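Undergrad: What follows is a predicted protein model with its sequence.
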Amino acid sequence: MEIKIIFLGTSDAIPSAKRNHPAFLIIYQGENILVDCGEGTQRQFRKAGLNPGKLTRILITHWHADHILGIPGLLKTLALSGYNKTLHIYGPRGTGFLMRALLKLFAFNKTFPIEIQEVSGKFFENKDFYLEAETMHHGIPCNAYSFVKKGQIKIDKHKLKIHKIREGPHLKRLKSGKNIAYNGKKYLAKNLTYMENSRKVSFVLDTSVNEKIVKFVKNSDVFVCESSYIDELRDLAKRHHHLTATQAAQTSKNAKVGKLFLIHISQRYEKNLGKILNEAKKIFRNSFIPQDFDSVGI
C-alpha cells in the first residue's frame, strides 16, 4: 500500500502568491494525517480536490502563527460538515493549554470528540505503522515527526498460483511466518512469502541545526525539511533558529535518506529557487523543491 505525501503549503512565515503557509498531508489506507496547519490550509484542501472530512490526525510542530492559524477555520468547517470521528491532535509541550485557549478564543462549539496529546518519542502505534516525535531547537517547544510503515511479511501470490494453493485459513499462518500443510504437502513459509521493507517519512520544520536531527531522520525514504536560508545567511539562520540549504543537505547525506524535499521557502528566493536547490544538490544530489500541491508516493 502506497504512502502519499501532499505538499499543501511550502512557504515560510510570509506566504507568497504561489506558496501557502506550511501544511503537509500523509495519506495511508484510512489515515489522513496533517502535519501543521498554516493559515488557509482548508482552502488548499479544496484546491487540491481533497476532503478535509477524512482527516484523522493533526501533528503540530510548534505554535508559531504560520504553522497553526489554519486550525480554527478547519475545525469550524469540520463541525459544520458533520464530522463525527475523533480528531487526534498531537504537539509539543504546552499544546494542551494552547489548544484549549484557541478553542475558547474562537468560541468553538465542539460537536465531535477532540483528543489532545503532548508527545515525544513513539506516541502512536498499530499493526501497520507508528508515529514518533523528537524535540527540536527553535526557541519555543518544537517537535519533528516521523511516520514509519512497518516491514511486513507478504504472501507471494504468483507462487501460490504455481503451487495451486487457494485461499483459506492456512494463508494466515503463512503471513505469521509459519510453515503450512496443504493437500497433503508441506510448504515452507520462506518459499511462499517475502519481506516488504519498512518505509519512513520524516518532517523537520523550523529548528536550528542540532545533533538530534540525523539520528531521528536516519534512513528516511522521504525527508521533508525546512530550508529558510542559503548558507551565506547562516548567521541569520542561527539567530532565528532555522536551517540553511547546506545544513539540510548535509543532514540528509549524514542520515542516508532517500530524497530531500526543501520547504519553508522564503519569498526572497521565489524568483531564484536555484540558489537554494543548487546549494543543496552540491552536497546531496537527491534534493528537490516542491511546489504547493505537488505530491510524492513511496
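TA: Good, I have the coordinates. Numbers count the residues shown, from 1 in each chain.
Undergrad: And residue 261, what's its pLDDT?
TA: At residue 261, the pLDDT value in this model is 98.
Undergrad: Kindly report the same for residue 190.
TA: Confidence for residue 190, expressed as pLDDT, is 84.
Undergrad: Report whether it is found in a helix, as I expect.
TA: Yes. Judged by DSSP: H, G, I helix; E, B strand; the rest coil, residue 190 forms part of a helix.
Undergrad: Relative to residue 172, how far out is it?
TA: Separation of residue 190 from residue 172 (C-beta to C-beta, to the nearest Å) stands at 17 Å. In this view, the C-beta of every residue, glycine as well, is placed from N, C-alpha and C.
Undergrad: Confirm that residue 67 lies within a helix, as I assumed.
TA: Yes. Counting by three-state DSSP, residue 67 is found in a helix.
Undergrad: distance of it from residue 146?
TA: Noted for residue 67: a distance of 18 Å to residue 146, by C-beta to C-beta.
Undergrad: ok, now residue 235?
TA: 30 Å.
Undergrad: can you give me the helices in the protein?
TA: Taking DSSP state H as the test, the helices found in the chain are 41-47, 65-68, 71-80, 95-105, 157-162, 170-175, 189-192, 212-217, 234-239, 245-255, 274-281.
Undergrad: Need the ones you listed in CSV (columns: mean neighbour count and distance to residue 292).
TA: Shown next, in CSV, are those (neighbours: other C-beta atoms under 10 Å; distance: least, C-beta to C-beta, whole Å):
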stretch, mean neighbour count, distance to residue 292
helix 41-47, 19, 7
helix 65-68, 21, 14
helix 71-80, 18, 17
helix 95-105, 14, 25
helix 157-162, 12, 39
helix 170-175, 16, 40
helix 189-192, 14, 45
helix 212-217, 19, 23
helix 234-239, 14, 23
helix 245-255, 23, 19
helix 274-281, 18, 16
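Undergrad: need the ones you listed in a markdown table with distance to residue 297, can you?
TA: Compiled in a markdown table, these are given as follows (distance: least, C-beta to C-beta, whole Å):
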| stretch | distance to residue 297 |
| --- | --- |
| helix 41-47 | 18 |
| helix 65-68 | 25 |
| helix 71-80 | 24 |
| helix 95-105 | 30 |
| helix 157-162 | 22 |
| helix 170-175 | 24 |
| helix 189-192 | 28 |
| helix 212-217 | 19 |
| helix 234-239 | 31 |
| helix 245-255 | 19 |
| helix 274-281 | 21 |
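Undergrad: where are the low-confidence patches of the stretch 101-250 of the chain?
TA: Residues of the stretch 101-250 of the chain that meet the criterion pLDDT under 70 are absent altogether.
Undergrad: Beta-bridge partners for residue 135, please?
TA: Beta bridges link residue 135 to residue 143, judged by DSSP bridges.
Undergrad: What is the burial count for it?
TA: Using other C-beta atoms under 10 Å, residue 135 has 17 other residues around it.
Undergrad: Could you list which residues are in contact with it?
TA: Residues counted as contacts of residue 135 (C-beta atoms under 8 Å, 6 or more residues apart in numbering) are 92, 120, 141-144, 212.
Undergrad: who wins for neighbours among those residues?
TA: With neighbours defined as other C-beta under 10 Å, the most crowded of these is residue 143; it has 27 neighbours.
Undergrad: who's in contact with that one?
TA: By C-beta under 8 Å, 6+ apart, the contact set of residue 143 is 59-62, 91-92, 119-120, 133-136.
Undergrad: What is the nearest of the contacts of residue 135 to residue 195?
TA: Lowest distance from residue 195 to those (C-beta to C-beta) belongs to residue 144, with 27.7 Å.
Undergrad: Of all the helices of the chain, which one is nearest residue 24?
TA: helix 41-47 (9.8 Å).
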